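**Student:** I'll drop the sequence and a predicted model, then ask my questions.
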Amino acid sequence: MNLRTIIGIGLACCLSFSASALKAAPNSGKISGLVLDPAGTAQMGATVLITSQRLFDSSQLELFTNDRGRFSTSALPAGLYTVKVTLAGFLPAMQQNIQVSDQRTTLLQVMLGSVLSSFEKLRQQPNQKAQKDDWMWALRSSAATRSVMQFQDPHVTVAGQTGIDAVPSLSRQGRLLLSSGSDHPGSVGALADSPGTAFVYDMGTQSGGQLLMAGQFSTERGASAASFAGEWLPSGKVGVGPVTTFVVRQSQLGPVGPTFRGLRMSHEGQLALSDNVMVRYGSELLVTSLMNQTTTAVRPRGEVDVKLGHGWQAATIVATRPWGSRDNGTPTGVSTATGSRMDSALNALDGFPTVLIRRGRPITEDDVHEEFAISHSAGRGAQLTAAVFHDSSNHTAVMGRGGAADAPDFLQDYFSQAFAYDGGSSSSSGARVAYLRKVSDTTDISAIYAYGDVLAPGAANGKTLRSQLTPQGRHSVAAKTSTKIPHLGTIVTTSYKWVDGSAVSRLDAYGESLYRIDPYLSLQIRQPIPALLSGRLEIEADAGNLLGQGYVPVATNRGQVVLVSAYRYYRGGLSFQF
């Protein structure tokens with residue numbers, strides 16, 4: 001029985017379990033809330049309409065607030081809901097993707113905007129200073145700030161916030177980032193390995209969604225590179241509801257060299273098939289243009305998550321990369337709701353797969369990852385996950401530098417002086433065990449073991465590089481810790497991944513991206529400093545492969561090259577959030 005059969009059986013088990021879960025859903029929760037006007041006065045008689053977002057379930061529940069402005073539901077099946085509140089004389093308020101759990105009561109605080117206040121603001125002259133009451137109305141009635149608190153109590157939840165450090169989101173926020181280069185040089189589709197300026201702007205909408213726009217520009221020795229990304233989050237939160245992303249990128253490969261242009265459009269969402277079954281789905285369109293030739297690829301992905309009970313969960317995954325909404329490995333103490341959205345948009349700028357050249361045509365790395373995983377919440381902030389996986393690729397990216405880079409199949413990155421090479425087809429079956437634990441409010445630790453195949457050079461020299469690369473089994477052990485130093489606010493993240501032999505391709509690249517652990521020794525420091533203006537000023541410093549490990553020299557018929565699965569790099573920057 002091969003691994004594909006095991007994954008297929010796992011998917012069949014998940015779907016069969018979902019069918020039984022649809023028949024019987026004993027778990028239920030409640031929604032309770034308070035409706036206020038712009039002055040903070042409780043409103044009696046407001047209509048509260050609660051609608052299920054589950055597939056094939058269009059049921060609605062209508063409630064009215066009492067004389068203290070409060071409302072409360074009877075038992076509701078666990079899942080996602082939309083709540084709409086209306087009252088004569090006020091603007092309606094609506095909140096989507098409210099999570100109801102069988103372990104706690106979800107609490108809402110709804111601020112209704114006054115229609116008269118809205119007309120008053122429309123009559124206000126452009127140069128007229130806003131009155132204090134008008135500003136408070138605008139702030140309170142913003143869709144992004146209606147539900148802003150979440151108690152980490154075992155029985156009660158207030159919807160809308162994603163972490164203990166979260167603060168009420170302003171309707172408009174932005175971040176400016178000055179950096180010294182890319183943190184993974186080598187691909188013409190990646191951010192340039194040269195000083196650059198990036199920005200992200202977070203905009204709220206009246207429907208409660210968030211529209212983010214991000215951009216980056218770099219220039220060096222007469223060549224420039226630029227990216228632009230847009231991300232739409234209808235729920236206003238990372239990890240809840242659908243996400244639509246649009247990215248365009250252009251890089252000039254030298255003052256007189258060719259120009260790379262890329263387009264990536266993706267959409268991902270989720271459906272609750274029952275109280276215990278969640279389905280994630282998505283697809284992305286990739287268009288790349290280089291040397292007057294264009295290639296197009298469509299890459300669907302999907303995941304079925306099944307809650308087994310007593311802290312157990314199973315997942316079957318088919319994807320090319322981890323879901324953008326996942327946030328495993330985020331440094332402790334910095335995952336605010338707004339910060340997560342901004343990080344998601346900035347990461348989208350660098351979301352292109354590695355660009356390669358094969359027989360004179362541009363192509364992209366096309367790894368497909370299949371996985372079946374079982375996870376268990378061990379209590380006290382600990383989680384243990386075991387997975388079996390299969391990776392397959394027709395075009396495996398191999399990075400390096402050396403004298404063979406002038407050959408046709410070696411695509412030179414002008415900014416980093418490195419090349420990307422198509423290592424050919426590869427297939428790997430493996431396993432992974434990961435243990436994550438939140439030691440305290442300021443410290444997280446992770447430990448990961450993985451086994452799988454990598455591309456490594458054989459014994460023969462003087463042949464073409466592709467003919468020398470063969471799949472070879474490797475073990476790896478990784479550890480990671482992230483801590484926030486009290487009083488100083490410094491966030492330090494260190495990780496080390498050991499591999500038991502030479503490798504020129506990544507061992508379990510999906511797991512590395514999921515848990516944000518690069519090969520060998522890495523260090524990340526975030527230091528907030530007092531800002532002269534209102535906002536958050538932070539110094540960033542990143543270093544990868546500090547010991548310079550994993551460099552593999554190979555002799556080919558084109559000359560000597562050095563292949564490496566992870567470059568040593570140093571990157572610094574200054575971030576200002578306003």
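**Tutor:** That came through fine.

**Student:** Just the buried positions in stretch 282-290, please.
**Tutor:** Neighbour counts using 16 or more other CB atoms under 10 Å place 282, 284, 286, 288-290 of stretch 282-290 among the buried residues. (Glycine included, C-beta is placed from N, CA and C.)

**Student:** got a list of contacts for that stretch?
**Tutor:** By CB atoms under 8 Å, 6 or more residues apart in numbering, the surrounding residues in contact with stretch 282-290 are 188-189, 258-269, 294-302, 320, 323, 352-353, 355, 357, 362, 364.

**Student:** For whichever helix or strand residue 510 is part of, name the packing helices and strands.
**Tutor:** Here residue 510 sits within helix 509-515, counting by DSSP states H and E. Judged by 3 or more CB pairs under 8 Å, 6 or more residues apart in numbering; DSSP states H and E, helix 509-515 is in contact with strand 368-379, strand 382-393, strand 426-440, strand 443-457.

**Student:** Give me the contacts around the third one.
**Tutor:** Spelled out, it's strand 426-440. Strand 426-440 is contacted from outside by 2-3, 328, 332, 380-393, 396, 444-455, 471, 505, 507-508, 511, 515, using CB under 8 Å, 6+ apart.

**Student:** Go again with 6 Å.
**Tutor:** The contact list for strand 426-440 (CB atoms under 6 Å, 6 or more residues apart in numbering) reads 3, 381-393, 396, 444-453, 455, 471, 508, 511.

**Student:** Give the pairing partners of that strand; include direction for each.
**Tutor:** strand 382-393 (antiparallel), strand 443-457 (antiparallel) (DSSP bridges).

**Student:** With mean pLDDT and mean neighbour count added, can I get those in JSON lines?
**Tutor:** Shown next, in JSON lines, are the strands paired with strand 426-440 (pLDDT from 0 to 100; neighbours: other CB atoms under 10 Å):
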{"stretch": "strand 382-393", "mean pLDDT": "94", "mean neighbour count": "19"}
{"stretch": "strand 443-457", "mean pLDDT": "94", "mean neighbour count": "20"}
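
**Student:** For residue 569, find the nearest of these.
**Tutor:** Residue 569 sits nearest to strand 443-457 of all the strands paired with strand 426-440, at 20.7 Å, using CB to CB.

**Student:** buried set for the helix or strand that comes right after the closest one?
**Tutor:** Using DSSP H and E, the helix or strand that follows strand 443-457 towards the C-terminus is helix 465-468. Within helix 465-468, the residues that count as buried by 16+ other CB under 10 Å are 465-466, 468.

**Student:** Out of the residues you listed, which is nearest to residue 485?
**Tutor:** Proximity of the buried residues of helix 465-468 to residue 485 (CB to CB) peaks at residue 465, which lies at 45.8 Å.

**Student:** can I assume the closest one is in contact with residue 556?
**Tutor:** Yes: under the criterion of CB atoms under 6 Å, residue 465 makes contact with residue 556 at 4.7 Å.

**Student:** which stretches of the stretch 351-500 of the chain have low pLDDT?
**Tutor:** Along the stretch 351-500 of the chain, segments meeting pLDDT under 70 span 403-406, 459-462.

**Student:** which stretches of this protein form helices?
**Tutor:** All helices of the chain, identified by DSSP state H, fall at 3-23, 115-123, 132-140, 337-349, 465-468, 509-515.

**Student:** now what about stretch 407-420, what contacts it?
**Tutor:** 185-188, 192-194, 220, 223, 253-254, 354, 356-357, 397, 399, 401, 404-405, 421, 558.

**Student:** Please pick the buried ones from those.
**Tutor:** The neighbour count (16+ other CB under 10 Å) marks 185-188, 192-194, 220, 223, 253, 354, 356-357, 397, 399, 401, 404-405, 421, 558 as buried among the contacts of stretch 407-420.

**Student:** Next step: these restricted to strands.
**Tutor:** Among these, the members found in strands (DSSP state E) are 220, 223, 356-357, 397, 399, 401, 421.

**Student:** Now render these as JSON lines, adding distance to residue 113.
**Tutor:** Listed next are those as JSON lines, based on distance: CB to CB, whole Å:
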{"residue": "220", "distance to residue 113": "49"}
{"residue": "223", "distance to residue 113": "50"}
{"residue": "356", "distance to residue 113": "53"}
{"residue": "357", "distance to residue 113": "56"}
{"residue": "397", "distance to residue 113": "51"}
{"residue": "399", "distance to residue 113": "54"}
{"residue": "401", "distance to residue 113": "59"}
{"residue": "421", "distance to residue 113": "58"}
